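Asker: model this:
(one chain, ligands or ions: 2)
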Amino acid sequence: MRTSIATVSLSGPLTEKLTAAARAGFDGVEIFENDLLATPLAPEEIRARTADLGLSIDLYQPMRDIEAVPPEEFARNLRRARHKFELMRRLGADTVLVCSSVSPLAVDDDALAAEQLGELAALARDFGIRVAYEALAWGRHVNTYEHAWSIVRAAGHPALGTCLDSFHILARGGDPKGIADIPGEKIFFLQLADAPLIAMDVLQWSRHYRCFPGQGGFDLAGLLRHVIATGYRGPLSLEVFNDVFRQAEAGETAVDARRSLLVLQEATGLARPPAPVVPTGVAFAELVTPDAAPVTGILGALGFTRTARHRSKPVDLWQQGEARVLVNTGPAGRRGGTVLAAVGLESPDPAGAARRAESLLAPVLPRRRAPEDAPLDAVAAPDGTELFFCGTPGSRAPQEEGDAPEPLDWTGDFEPVGDKPDGGHVTRIDHLALTQPWHQFDEAALFHRSVLGLSAQESVDVADPYGLHRSRAVTSADGGVRIALGVGPAPSGDAARTQHIALATDDVVGAARRFRAAGGRLLPVPANYYDDLAARFELGDGELDTYRELGILYDRDESGEFRHCYTETVGRVFFELVQRDGGYRGYGAQNAPVRLAAQHAARPGR
Ligand SMILES: O=C(O)c1ccc(O)c(O)c1
Ligand SMILES: [Mg+2]
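Answerer: Residues are numbered from 1 along each chain as shown. Ligands and ions are numbered 1, 2, ... in the order given. As a prediction, this is how the structure comes out:
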């Protein structure tokens, strides 16, 4: 089916919105009246511009407060409509959206509404235009899709149909089953928007918090199935009023938007992108840094050993158990300080994972970053983190003739340096925590969920001394891959977007002691935290003292316990040591405000 996006969903002047929509691969746009009023382009120029970009103008909107009004008012409305129909003729747009009246002049009289909408449709038909009548959730008398449809049916005019908008239907708790009662050819337009499930005034909710399908809590796939069943074959159009998208870069938002539609189309059988290939583990985390010493000092104190060096680049492999950290001092590090620039994901089918990613519009990175590198498939996540699809441990290039020569084992690029591991306490990477740019949190969650096939957990808010920090983990079923996506208080520059590598250990006390004995500095935690811990939990003898001494934080849920502590921060990056016991699945969110405050306090200059 054709895809479309409302210009109100994107930021910038109309021309930028159109370019962004076209580049992201949309087939058409809904032009919002405000965008038209504000552009210096004549309607004919907009028409030419959209045509050049390969876009159709699928809808002009909105026309407001038309129906169920006294005759003299309706005469004025028709005059207004005639102007707009003339404009639409110049634009080359053939469908206009009329939303249900919010005017105090409107009366609760369906017969009058039907009669006047019929008259409007008769006028529209003279211009070759169709009228799509939409129930706003806060319409004065008409606020459900069933009601709007019953008026359209009563009017019985071929140029009058209805426009369904998922937000208005689902925000009021409407049942989309009834959509099946509408003949497909009378659904003139379909607008799709999701929204987070928050209790608030429906108009404010609609105008500020809509989001793209899959980013909120509505069952859009369920609704869409009902619409498809009617035989509707018009565009799937995104109409998303959102305060963040109004500010974010239009090109990025448009890609996020199109990805959301692809995922929705997949969920409803309208599209068949390559199936997701869920990663099974973290092959490596790669730090890029202008100066290796601070990072390798921490890694060494944590018990990591430099086991190998890249054959041709200034990249070292530091390893402990199954945890592998690459330290790259190449040119990239001279730009942005110390950052977690790349993640290697172990995949049972790296090429399939890459095909999935590409089909969902993930930017594909060159397979070889240098001629001597193993040709790994890689894509960029929304925050720019490079994701490499690596083979699973032990996987080799297919050896038989005709097989693609894929050296899936990236470690082949590395030459052992002979240093032997000396027995630290770290076993593997438990999770990676990546703070996202302020405007990309929802996009990042949808990206990791849909592109990588990970499951998104509940989003949690934690207090930071300078604002709120939101966090949402995306994980594989067995916890082999866990990525905690976060977003800090806005506006936060790149430097404030911390990233951390959480390292699993079976003995966090031993690991912390080893780190300290080797000269590492753990994040100090205030005494008040431990007084509170004593009040909340009955811990064993001496346990609390040990935690207090080392700065270990503690949490417990129904299924298990969590103990964790933090290193100092280098550039944007720090490390966490975590010990999970029992089936604890969280990340210590309860402790995050204390940790965030301690990190602020530890910043140089405070
Ligand atoms: O918020 C509004 O006014 C508005 C306008 C047009 C729409 O299609 C809509 O869903 C809402
Ligand atoms: Mg709408």
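
Asker: Can you name the helix or strand that the residue in the chain that ligand 1 sits nearest to falls in?
Answerer: Residue nearest to ligand 1 within the chain: P62 (4.0 Å; Cβ to the nearest ligand atom). All C-beta spots, glycine's among them, are computed from the backbone N, C-alpha and C. Following DSSP states H and E, one finds P62 within strand 56-63.

Asker: does ligand 2 sit close to that strand?
Answerer: No - using Cβ under 5 Å from the ion, strand 56-63 stays clear of ligand 2, coming no nearer than 7.5 Å.

Asker: what packs against that strand?
Answerer: Identification of packing neighbours for strand 56-63 by 3 or more Cβ pairs under 8 Å, 6 or more residues apart in numbering; DSSP states H and E yields strand 3-6, strand 28-32, helix 33-38, helix 43-52, helix 71-91, strand 95-99.

Asker: Any idea which of those gets closest to ligand 2?
Answerer: Ranking the helices and strands packed on strand 56-63 by proximity to ligand 2 (Cβ to the ion) places strand 95-99 first, at 6.9 Å.

Asker: The closest residue to ligand 2 within the stretch 251-400 of the chain - how many residues pack around it?
Answerer: In the stretch 251-400 of the chain, the residue found nearest to ligand 2 is A257; the distance is 15.2 Å by Cβ to the ion. A257 has 29 neighbours, counted by other Cβ atoms under 10 Å.

Asker: Below-threshold pLDDT in this protein: ranges please.
Answerer: Within the chain, the segments meeting pLDDT under 70 span 333-335, 370-371, 393-408, 490-492, 604-606.

Asker: Spatially nearest residue to the residue nearest the centre of the chain, not counting backbone neighbours?
Answerer: Nearest residue to the geometric centre of the chain (Cα atoms, centre = their mean): E443, 1.8 Å. Nearest non-adjacent residue to E443, counting by Cβ to Cβ, 6 or more residues apart in numbering: D256, 4.2 Å away.

Asker: The one you found contacts A362, correct?
Answerer: No - counting by Cβ atoms under 8 Å, D256 stays clear of A362, with 11.2 Å between them.

Asker: Give me the common contacts of these two.
Answerer: F447 (Cβ atoms under 8 Å, 6 or more residues apart in numbering).

Asker: got the domain boundaries for the protein?
Answerer: For the chain, automatic domain parsing gives the domain ranges 3-267, 281-395+406-416, 426-601.

Asker: how about A495, what does it touch?
Answerer: Counting by Cβ under 8 Å, 6+ apart, A495 has contacts 337, 572.

Asker: hang on, it is in a strand, isn't it?
Answerer: No - A495 is assigned helix when assessed by DSSP: H, G, I helix; E, B strand; the rest coil, not a strand.

Asker: Which positions in the chain make contact with ligand 1?
Answerer: Contact residues (Cβ under 6 Å from any ligand atom) of the chain with ligand 1: 61-62, 97, 99, 134, 136, 165, 191, 206-207, 239.

Asker: These: which two are farthest apart?
Answerer: Taking Cβ to Cβ, the two most distant members of the residues of the chain next to ligand 1 are L97 and R207; they sit 16.0 Å apart.

Asker: Have a look at these two and say which one is more surrounded.
Answerer: L97 (24 against 13).

Asker: For the more buried one, give the beta-bridge partners.
Answerer: A132 (DSSP bridges).

Asker: thought it was touching E134?
Answerer: Yes - counting by Cβ under 8 Å, E134 is a contact partner of L97 at 5.8 Å.

Asker: any common contacting residues for these two?
Answerer: With Cβ under 8 Å, 6+ apart as the test, L97 and E134 both reach 62, 163, 189.

Asker: give me every residue that touches D35.
Answerer: Per Cβ under 8 Å, 6+ apart, neighbours of D35: 7-8, 14, 17.

Asker: And those, which is closest to P273?
Answerer: Nearest to P273 among these is K17, at 25.8 Å by Cβ to Cβ.

Asker: returning to what we had before: pipe the shared contacts of L97 and E134 into a markdown table and attach distance to H448 and neighbour count per row.
Answerer: What follows is the shared contacts of L97 and E134, written out as a markdown table (distance: Cβ to Cβ, whole Å; neighbours: other Cβ atoms under 10 Å):
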| residue | distance to H448 | neighbour count |
| --- | --- | --- |
| P62 | 35 | 20 |
| C163 | 33 | 29 |
| F189 | 32 | 26 |
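
Asker: what sits opposite G28 in the beta ladder?
Answerer: Beta-bridge partners recorded for G28 (DSSP bridges): S4, S56.

Asker: hmm, back to that, verify the assumption that the residue of the stretch 251-400 of the chain closest to ligand 2 is located in a helix.
Answerer: Yes - under three-state DSSP, A257 sits within a helix.

Asker: picking that back up, for the residue nearest to E443, the count of nearby residues, please.
Answerer: Applying other Cβ under 10 Å, we find 24 other residues in the vicinity of D256.

Asker: ok, it - contacts?
Answerer: Contacts of D256 (Cβ under 8 Å, 6+ apart): 212, 382, 440, 442-443, 446-447.

Asker: Compute the distance between it and A221, please.
Answerer: 18 Å (Cβ to Cβ, to the nearest Å).

Asker: what's the answer for R246, then?
Answerer: Taking Cβ to Cβ, one finds R246 at 26 Å from A221.

Asker: Let's verify Q599: helix, strand, or coil?
Answerer: Classification of Q599 by three-state DSSP places it in helix.

Asker: Could you list which residues are in contact with it?
Answerer: So Q599 contacts 498, 523, 566, 569, 574 (Cβ under 8 Å, 6+ apart).

Asker: neighbour-wise, which of those residues leads?
Answerer: Ranking the contacts of Q599 using other Cβ under 10 Å puts Y566 first, with 25 neighbours.
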